[in-house]
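Peer 1: Fold the following for me, if possible:
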Amino acid sequence: QVQLVESGGGLVQAGDSLRLSCAASGRTFARYTMGWFRQAPGRERELVSAITWTGTNTYYADSVKGRFTISRDNAKNTVYLQMNSLKPEDAAVYYCAASTVSSVTYALPEYSYWGQGTRVTVSS
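Peer 2: Next comes the predicted model:
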């Protein structure tokens, strides 16, 4: 069982940066592939970025490549999403999720545990 708690969201202006954090409970955090999803009003939840438990493999949606960086600290049971050069279209509720699949996975059903979400608002 893993419990996830996101933090770091807020209101920023276009071009600003934010760092989201996701703190996990549970001794087996290091075994999970971790993902950051986002959901804007009226849109489906989408995978933004993911990282395998070793940190060796990562994934970024095309819309965030070069601007967002995912990382994890298994000793602290925390995964991060550094978001730079934010755009108004990045505004959404961001969710952290954990998957037992060992490789990067894109399918929502393969993520067994979810956080409550943190809202990111980007003004133009």
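
Peer 1: Strands of the protein, residue ranges please.
Peer 2: Using DSSP state E, the strands of the chain run over residues 3-7, 10-13, 18-25, 33-39, 46-51, 58-60, 68-73, 78-83, 92-99, 111-114, 118-123.

Peer 1: and the fourth one, what's its mean pLDDT?
Peer 2: Confidence over strand 33-39 (mean pLDDT, whole number) is 97.

Peer 1: Taking strand 68-73 as reference, get the angle to it.
Peer 2: If you take axes from the mean of the first three to the mean of the last three C-alpha atoms, to 10 degrees, strand 33-39 sits at 140 degrees to strand 68-73.

Peer 1: What residues sit buried inside strand 33-39?
Peer 2: Under the neighbour-count criterion of 16 or more other C-beta atoms under 10 Å, strand 33-39 has 33, 34, 35, 36, 37, 38 buried. Bear in mind the C-beta positions are built from the backbone N, C-alpha and C, glycine included.

Peer 1: try the fifth one
Peer 2: Along strand 46-51, these residues count as buried under the neighbour rule (16+ other C-beta under 10 Å): 47, 48, 49, 50, 51.

Peer 1: and the spatially closest residue to residue 9 that is not a sequence neighbour, how many neighbours?
Peer 2: Counting by C-beta to C-beta, 6 or more residues apart in numbering, residue 9 lies nearest to residue 118, which is 3.4 Å off, once chain neighbours are set aside. Look at residue 118: counted by other C-beta atoms under 10 Å, it has 22 neighbours.

Peer 1: Can you tell me how far the residue nearest to residue 13 when sequence neighbours are not counted is from residue 117?
Peer 2: Using C-beta to C-beta, 6+ apart and skipping the chain neighbours, the partner closest in space to residue 13 is residue 123 (5.3 Å). Distance, residue 123 to residue 117, using C-beta to C-beta, to the nearest Å: 20 Å.

Peer 1: Repeat that for residue 107.
Peer 2: To residue 117, residue 107 is 19 Å away according to C-beta to C-beta.

Peer 1: Please say which of those two ends up with more neighbours.
Peer 2: Legend: neighbour count by other C-beta under 10 Å for residue 107 and residue 117, higher for residue 117 (18 against 9).

Peer 1: I'm done for today, thanks for sticking with me.
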